[in-house]
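In: I would like to see how this sequence folds:
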Amino acid sequence: MEITCIFPEGTLHSHMARHNHFPIVINSIIAALFFTLYCIGCTAAVKGSSNGDGKGQWQLLLENTEVVAMHMALTHHNTVLIFDQTEAGPSGHRLRRRYNGTRCTNMRRDVEDSSCYAHSVEYNISSNKLRPLKLSSDTWCSSGSFLSNGTLLQTGGHGSGAQGVRNFSPCGGNIKCDWRESKLSLTNDRWYASSLLLADEDRVIVVGGRRVFTYEFIPKLYTNEGSFDFPFLRNTYQRREGGNNLYPFLHLCPNGRLFIFANRDSILFNYRENRVVKHYPRIPGDGSRNYPSSGSSAILPLDYTNNFTKAEVMVCGGAAFGAYRAAREGRYLKGLSSCGRMVITGNKHKWNMEFMPGPRLLCDMLLLPTGDVLIINGAKNGAAGWNYARNASHEPYLYRPKKTLGRRFSVLKSTRIPRVYHSSAILLPDGRVLVAGSNPHNRYIFENVDFPTELRLQAFVPDYMDSRHHRFRPTNVTIRYGHNDRYGVRYGREFNVSFWLGTEPSNAVEFTAYAPPFASHSISMNQRLLKLRSKSLVRDVHGWVAAVLEAPPSSSVAPAGYYMLTVVNGGIPSLSQWMKILQNSGGRWNNAINASLEPYLYHPRKALSRRFSVLKATRIPRMYHSSAAILPDGRVLVAGSNPHDRYIFEKVAYPTELSLQAFVPPYMVGQHHQSRPTNVTVHYGKYDSNGVRYGGEFNVRFWLGTNSTKSVEFTAYAPPFTSHSISMNQRLLRLRCKSLVRDQDGWVAAVLEAPPSPSIAPAGYYMLTVVNGGIPSVSQWMRILNTSGNAS
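Out: Now for the predicted structure:
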């Protein structure tokens, strides 16, 4: 008998949200029934599962994923991207037409042509169905990172994809969502490289690759930015062992620097300065940890209790020295059983070693909502590569980092399906672990081999989902952001979480935020778990709990993007809900609130406490991507404002603004007209009719209706280039007036002296203004010539 139990995440939430007036007893019955039905598939006999004594259960979800899960990634729309290389020949999903439109016939040439098959699918968790996707360049052994808007930035690969950059923007299974080849490209081939989202705004670092000892960034900061030499990779490379430093382990430290581990060595790296900050001790023991030795690594949960300042990494498994060469000769050496933990922050660093229940390589290390580590998939002997591993590891291991040494590891329920080279595992929002893939061959082979190509899709159900825990499980988790941030929470800000709990909350209620990784080749790139501060927690008589949480303090602790928020009550997790951490105020999109509508005027010559004054407010907010410029007639032109990555005119706090305004300063008010100089004209010397030279004299004539000329000043203003709150090259000069004569008709003749040098006034055009007692004329253009007589 085979029972597969799948349900849409959020069903209970939406049902109970409509009936939150039910008595608490009814709530309890619904919750218990819900989780009992969910776990029917866990307790039934499932094909591909064993009846071992370890905790947890296995579900068989699909007999055929159609493509090998060499790579997997969970999107915030609760779908999973599954994809292989594109040059492995026929997959399990044949196309009627190639993606270029040509037909795929039954001729042998087409039957064997890779382009007549899909090599990527999107798996919908709730419907348990697949949708084929289009890949046009080869993703074999590539890397990936999620950007802050939920787009997967996928980098590198082999052949046509070695320098490729691809994007997948999820939209909940909509058929219009598909892979897009980016116009961006990598500088070097990135086959077996690792990538990591940085604390910078949506910037990704890509490190290494086969026989490539460099790193680079996507996107580039300037046009000719290429790659950067990285001697650390050259120093850790073992040519005869296939490298043993491919797919290096990358972790972002809370201080914004990178922990990089390759082979057996590790460094703290300042990528902004291209500088190694420190070398850590070499991890003890024989053997290597990176591809093709293929151990795994995770950064342990970051915790608010130490202000997220302590970071500790864990590295487990790998292959013995010489394992890669031995496997090529048909000898399969026993893998490594050791794990090392090391605090990478602070000044004292030591690997604390302990041992798994058995040897393991080709395994995945996943952080569970409880803060524990699941080690799943893999083999006990050999190395990574085509048919280089033996003795599949069928039993997952659970590691509890907070338990005493010697009691941290436990063996969980085993599966009968081997998951070796090119298998993957990822955590799902419902607490299960999706497991797929395994193909140690360069094409799909299903018989007469030790480890056939594996297309079955499983879920491992950890013990915390068992029905005996249901009465302690938080349900109906809802997230509410602040009034000004409806789509996410900003760093250090408060946000609200409500949930239902059938019992009094334990003293150990925790709130965790999990960054879903890109999984491939035993690496969960960008995986991160944070334990968030709860500032208050109140439960009412009906079981509803209201909590006020505080977001992480910075992008170095938690890069902006989507996270799975989970309420954990005494080790029993809720279903996770997606939350979004927004970029900080220095970020790229939609990161500012409370528009400043009133201009300020600053009088530098007044007494200290009287220098600032507030001017008339506008009703149009001008925020990110707005600009202002002074016009010759004295007004200030104001335009723009768009805190979005496209034009958005509704349903946002600050829509794209296309209106054009002019602010009219107080000096332009009608009461000042009689004091305003008018009819300004500029006259240069006889030999320089086009401008004035440095230190030279020139004449200015204007009309003035008042008799007094004691407060007349002459200013020259260099108009700026304005963008992003900067008025580049803006400059104002007060010029020397050598003589000033007013005739009986009100006409004033002035002789002015030009600035003495280009360091004071670079050659070019300036707006000359006559200012009478603080009241300016309309400006006239004047030109300062360089020493050769030409304006620059």
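In: burial of residue 272, as a residue count?
Out: Neighbour count of residue 272, defined by other C-beta atoms under 10 Å: 11. The C-beta positions use only the backbone N, C-alpha and C, and glycine is treated the same way.
In: quick one: contacts for it?
Out: residue 256 (C-beta atoms under 8 Å, 6 or more residues apart in numbering).
In: Tell me the secondary structure at it.
Out: Under DSSP: H, G, I helix; E, B strand; the rest coil, the three-state class of residue 272 is coil.
In: Quick test: name the residue nearest the centre of the chain.
Out: residue 147 (3.6 Å; C-alpha atoms, centre = their mean).
In: pLDDT value on that one, please?
Out: Looking at residue 147, its pLDDT reads 96.
In: Distance check, it against residue 192.
Out: Separation of residue 147 from residue 192 (C-beta to C-beta, to the nearest Å) stands at 22 Å.
In: cool, residue 181 as well?
Out: In terms of C-beta to C-beta, residue 181 sits 21 Å off from residue 192.
In: quick one: which of those two has more around it?
Out: Shown here are residue 181 and residue 192; by other C-beta under 10 Å, residue 192 has more neighbours (29 against 17).
In: shouldn't that one be in contact with residue 141?
Out: Yes: between residue 192 and residue 141 there is a contact under C-beta atoms under 8 Å: 5.0 Å.
In: Need the overlap of contacts for the two.
Out: In terms of C-beta under 8 Å, 6+ apart, residue 192 and residue 141 are both contacted by the residues residue 521.
In: hey, where'd the strands end up in the stretch 501-650 of the chain?
Out: 509-515, 518-520, 523-525, 528-531, 533-539, 544-550, 561-569, 572-573, 577-581, 600-602, 612-614, 626-630, 636-640 (DSSP state E, counting those that start in this stretch).
In: Now stretch 97-107: buried residues?
Out: Under the neighbour-count criterion of 16 or more other C-beta atoms under 10 Å, stretch 97-107 has 98, 104 buried.
In: Mind exporting the C-alpha coordinates of that stretch to PDB?
Out: Only the C-alpha atoms of stretch 97-107 are listed here, as PDB (Å, rounded to 0.1, in the frame of the first residue of the first chain):
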ATOM      1  CA  ARG A  97       9.400  21.100 -30.100                       C
ATOM      2  CA  ARG A  98      12.800  22.500 -29.200                       C
ATOM      3  CA  TYR A  99      12.800  25.800 -27.500                       C
ATOM      4  CA  ASN A 100      13.900  27.400 -30.800                       C
ATOM      5  CA  GLY A 101      10.600  26.200 -32.400                       C
ATOM      6  CA  THR A 102      11.900  23.200 -34.500                       C
ATOM      7  CA  ARG A 103      10.000  19.900 -34.200                       C
ATOM      8  CA  CYS A 104      11.400  16.900 -32.300                       C
ATOM      9  CA  THR A 105      10.700  13.900 -34.400                       C
ATOM     10  CA  ASN A 106      10.900  10.200 -33.800                       C
ATOM     11  CA  MET A 107      14.100  10.000 -35.800                       C
END
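In: on that earlier part again, and the gap between the residue nearest to the centre of the chain and residue 574?
Out: Going from residue 147 to residue 574 by C-beta to C-beta gives 27 Å.
In: Between its first and last residues, how far does stretch 503-513 reach?
Out: 23 Å (C-alpha to C-alpha, to the nearest Å).
In: Just the mean pLDDT for that stretch, thanks.
Out: Average pLDDT, stretch 503-513: 88.
In: which residues make contact with it from outside it?
Out: Here stretch 503-513 makes contact (C-beta under 8 Å, 6+ apart) with 301, 369, 371, 471-472, 497, 529-532, 534, 537, 539, 545, 547, 549, 552, 558, 563-571, 579, 581.
In: let's go with 6 Å and repeat that
Out: 369, 471, 529-532, 534, 549, 563, 565-570 (C-beta atoms under 6 Å, 6 or more residues apart in numbering).
In: Please enumerate the helices of the chain.
Out: 11-18, 24-38, 40-43, 108-111, 231-235, 323-328 (DSSP state H).
In: For the residue nearest to residue 184 when sequence neighbours are not counted, list each beta-bridge partner.
Out: Counting by C-beta to C-beta, 6 or more residues apart in numbering, residue 165 is the residue found nearest to residue 184 once chain neighbours are left out, at 4.5 Å. Under DSSP bridges, the beta-bridge partners of residue 165 are residue 155.
In: Number of residues surrounding residue 165?
Out: Other residues lying near residue 165 total 22 when counted by other C-beta under 10 Å.
In: how far away is it from residue 412?
Out: 38 Å.
In: Residue 395 too?
Out: According to C-beta to C-beta, residue 395 and residue 412 sit 6 Å apart.
In: Deepest in the core, which of the strands of the stretch 501-650 of the chain is it.
Out: Ranked by mean neighbour count, the strands of the stretch 501-650 of the chain are led by strand 518-520 with a mean of 28 (mean count of other C-beta atoms under 10 Å).
In: ok, residue 233 touching residue 207?
Out: No: here residue 233 lies out of contact with residue 207, judged by C-beta atoms under 6 Å, at a distance of 7.6 Å.
In: Is residue 139 in contact with residue 157, as I believe?
Out: Yes: counting by C-beta under 6 Å, residue 157 is a contact partner of residue 139 at 4.5 Å.
In: rewinding a little: contact partners for the residue nearest to residue 184?
Out: Contact analysis of residue 165 by C-beta under 6 Å, 6+ apart lists 155, 182, 184.
In: Apply 7 Å and report the result again.
Out: By C-beta atoms under 7 Å, 6 or more residues apart in numbering, residue 165 lies in contact with 153, 155, 182, 184-186, 218.
In: Among those residues, name the buried ones.
Out: 153, 155, 186, 218.
In: The nearest residue to residue 561 once chain neighbours are set aside: neighbouring residues, count only.
Out: Counting by C-beta to C-beta, 6+ apart, residue 561 lies nearest to residue 148, which is 4.4 Å off, once chain neighbours are set aside. Using other C-beta under 10 Å, residue 148 has 21 other residues around it.
In: wait, doesn't residue 148 sit right on residue 203?
Out: No: the criterion here is C-beta atoms under 7 Å, and residue 148 misses it with residue 203 at 10.5 Å.
In: Residue 166 contacts residue 184, doesn't it?
Out: No: the pair residue 166 and residue 184 fails to qualify as a contact (C-beta under 7 Å) at a distance of 9.7 Å.
In: Need the overlap of contacts for residue 395 and residue 412.
Out: With C-beta under 7 Å, 6+ apart, residue 395 and residue 412 have common neighbours residue 54.
In: residues in contact with the closest residue to residue 767 other than its chain neighbours?
Out: Closest residue in space to residue 767, ignoring its immediate chain neighbours: residue 779 at 3.9 Å, by C-beta to C-beta, 6+ apart. Each residue near residue 779 by C-beta under 7 Å, 6+ apart is listed here: 632, 767-769.
In: Swap in 10 Å and give it another go.
Out: Listed by C-beta atoms under 10 Å, 6 or more residues apart in numbering, the contact set of residue 779 reads 630-634, 680, 715-717, 719, 766-770.
In: Which helix or strand in the chain has the lowest average pLDDT?
Out: Least confident helix or strand, the chain: helix 11-18 with a mean of 34, by mean pLDDT, DSSP states H and E.
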